[in-house]
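Q: sequence? don't have it. structure:
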Ligand SMILES: NC(=O)c1ccc[n+]([C@@H]2O[C@H](COP(=O)([O-])OP(=O)(O)OC[C@H]3O[C@@H](n4cnc5c(N)ncnc54)[C@H](O)[C@@H]3O)[C@@H](O)[C@H]2O)c1
Ligand SMILES: O=C(O)C(=O)C[C@@H](O)[C@H](O)[C@H](O)COP(=O)(O)O
Ligand SMILES: [Zn+2]
């Protein structure tokens, strides 16, 4: 049995708790306590439902529970699926005391959170993340959204969950490629703000890939602590929170250009972080050996570090312009000063970006 961990996200007078541990989904009373009203909607996907949906339904048996099972994958994080969820809530007769539960990865979490943000202008939602990526990142912090063909997460809202239950036992069934994708966002925290954590990850790359329970739980808790700190200081991304976007302007452009059917989000972020590091080094802002160290760790974790074939620099740059950090149409990038330090930079010349996209 691994140690249970808790991380609190404090947002002024509001706060919520992230619970991290094995077997949390089996604790019916804990789940039930998260649904104070009569109605609950459990949103999940077709890969997750066969493993975990029945447990959640059993815990909530005394409530009026509806479940909605999406096809899996990024291509389902759409306005059309969002509309479907609105129709389900209407069909349930859900009132403002409904609780929406997101049981799955970041796709389910982002969509469920956005649905909860919009239904009757905002209802309670709870994150039950089942991927490593969702446990360390998407379930925490209240960014919710769906994609458009034109760009990632373009339609969304900030809407914080009431609680996060990260049952790390669910990672036992997570496919290898998805585990690795989650590790990209884990590395991101070390890269952008914690050189000590980065070195800790370098020492434990094999243990993480082997899913050693204590090492995974420790990594998840440390990532949640990082994210909780940043979100507490800058909930709506006016400044510091932009650093959590390290690698994302490049990564989102790749995902969009591939029609959301190519690299996974975490994989695209891995490539994006390498590109951001390379650009920073080219601009003289970061040491080249640090950029090499970042790429080496990502490669050890089985992640891609180069742009997939067939994606042109100009097309990617055009996609980057729809990034949400842009101001009056001008790109704003998260660049790098080396292991453990990121910074927000305006006015990077297109030529410098194109050179990195072309390399
Ligand atoms: N809101 C945020 O702050 C934030 C942060 C990071 C990423 N995101 C978003 O998260 C999404 C990516 O999330 P993801 O990587 O979790 O992908 P995902 O939700 O697509 O899940 C990955 C895959 O694993 C399957 N799966 C999930 N849990 C499983 C389990 N325990 N056992 C077996 N299969 C399982 C899913 O069905 C899916 O096929 C992207 O849309 C990204 O933009 C949002
Ligand atoms: O929480 C944040 O802030 C992040 O940027 C976390 C990212 O990992 C995540 O992918 C997020 O959805 C990207 O946000 P976006 O504003 O660029 O869509
Ligand atoms: Zn991300």
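A: Arrived safely. Predicted model only: the values in this text are computed from it and were never measured. Ligands and ions are numbered 1, 2, ... in the order given.
Q: quick check: domain ranges of the chain?
A: 5-173, 176-358 (automatic domain parsing).
Q: The closest residue to residue 345 other than its chain neighbours: how many residues sit nearby?
A: Excluding the flanking residues, the one nearest residue 345 by C-beta to C-beta, 6 or more residues apart in numbering is residue 335, at 4.6 Å. (Glycine included, C-beta is placed from N, CA and C.) Other residues near residue 335 come to 19 when the count uses other C-beta atoms under 10 Å.
Q: Just want the residue of the stretch 201-350 of the chain that's nearest ligand 1.
A: Residue nearest to ligand 1 within the stretch 201-350 of the chain: residue 265 (4.0 Å; C-beta to the nearest ligand atom).
Q: The protein: strands as residue ranges?
A: Using DSSP state E, the strands of the chain run over 5-11, 14-21, 39-45, 64-70, 99-104, 124-129, 143-148, 151-158, 163-167, 332-338, 341-346.
Q: Would you indicate which residues of the fourth one are buried?
A: Buried residues in strand 64-70, defined by neighbour count with 16 or more other C-beta atoms under 10 Å: 65, 66, 67, 68, 69, 70.
Q: Show me which residues of this structure are close to ligand 2?
A: Counting by C-beta under 6 Å from any ligand atom, the residues of the chain lying close to ligand 2 are 137, 141, 143, 152, 153, 185, 237, 241, 244, 245, 248, 324.
Q: change it to 8 Å
A: 106, 110, 137-138, 140-141, 143, 145, 152-154, 156, 185, 188, 227, 230-231, 237, 241-242, 244-245, 248-249, 252, 265, 269, 323-325 (C-beta under 8 Å from any ligand atom).
Q: May I see the domains of the chain arranged in CSV, with mean pLDDT as well?
A: CSV is the format used below for those (pLDDT from 0 to 100):
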stretch, mean pLDDT
domain 5-173, 98
domain 176-358, 98
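Q: still on that earlier bit, now, the residues of the chain next to ligand 2 that are in helices?
A: 106, 110, 185, 188, 227, 230, 231, 248, 249, 252, 265, 269 (DSSP state H).
Q: quick one: the first one and residue 332, what's the gap?
A: When you say that, I think you mean residue 106. Using C-beta to C-beta, to the nearest Å, we find residue 106 at a distance of 23 Å from residue 332.
Q: Among the two, which residue is more densely surrounded?
A: residue 106 (27 against 17).
Q: Looks like the more buried one contacts residue 137 (just checking).
A: Yes. In this structure residue 106 lies within contact range of residue 137 using C-beta atoms under 8 Å: 7.2 Å.
Q: Any chance you could list residues touching both of the two?
A: Contact criterion C-beta atoms under 8 Å, 6 or more residues apart in numbering; residues shared by residue 106 and residue 137: none found.
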